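Undergrad: what shape does this take:
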Amino acid sequence: MSDLDEIRQKRMAELQAQQAAAQNQMQQQAAAQAQQQEAQRQFEAQKKQMLAQIMTPEARNRLANLKLTKPELVNQIELQLIQSAQAGSLRGKVTDDQLKVLLRQIAGQKREIKITRK
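TA: Presented below is the predicted three-dimensional model:
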């Protein structure tokens, strides 16, 4: 019986060690995820602040409305505007009309697929 008890104790210790390692790993993953979310939140706040500085309220409203339907396109435009501002190529704030021109240019770059049936 003592051999059986020893085996049981060893196995129980192994299982407890595995469980502790799994819990530690889950805690590390949760901490990393929280850190990543905080970094993303800070990035979004900085992006919003920069856009407020380089765009008129009307242009920001247009982008906000467009973001509801085409978030990828809006993110691309926002990053492009921020890069232009950082490079110093923007003169003054981006107006609604300038944003419309930029949207047409980017929309024109996309390849259109036409299907014809015979």
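Undergrad: what about residue 79, which helix or strand?
TA: Secondary structure assignment for residue 79, by DSSP states H and E: helix 71-87.
Undergrad: element containing the most centrally placed residue in the chain?
TA: A centroid search over the chain (CA atoms, centre = their mean) returns residue 40, at 6.4 Å, as the residue closest to the centre. Element membership for residue 40 (DSSP H and E) is helix 2-54.
Undergrad: let's verify the closest residue to residue 100 other than its chain neighbours: helix, strand, or coil?
TA: Closest residue to residue 100 apart from its sequence neighbours, by CB to CB, 6 or more residues apart in numbering: residue 62 at 7.7 Å. Just so you know, the C-beta spots here come from the backbone N, C-alpha and C atoms, and that holds for glycine as well. Secondary structure state of residue 62, per DSSP: H, G, I helix; E, B strand; the rest coil, is helix.
Undergrad: ok so, going back, ok now whichever helix or strand comes after the helix holding residue 79, how far from the chain's centre?
TA: Later in the chain than helix 71-87, the nearest helix or strand by DSSP H and E is helix 96-109. Mean-position distance between helix 96-109 and its chain equals 23 Å (CA atoms, centre = their mean, to the nearest Å).
Undergrad: so what touches helix 96-109?
TA: Contacting residues not belonging to helix 96-109 are listed as 55-56, 58-59, 62-63, 66, 73, 76-77, 80-81, 94 [CB atoms under 8 Å, 6 or more residues apart in numbering].
Undergrad: and with 6 Å instead?
TA: 58-59, 62 (CB atoms under 6 Å, 6 or more residues apart in numbering).
Undergrad: check which residues of it are buried.
TA: 98-99, 102-103 (16 or more other CB atoms under 10 Å).
Undergrad: go on, stretch 24-35?
TA: Across stretch 24-35, burial judged by 16+ other CB under 10 Å covers no residue at all.
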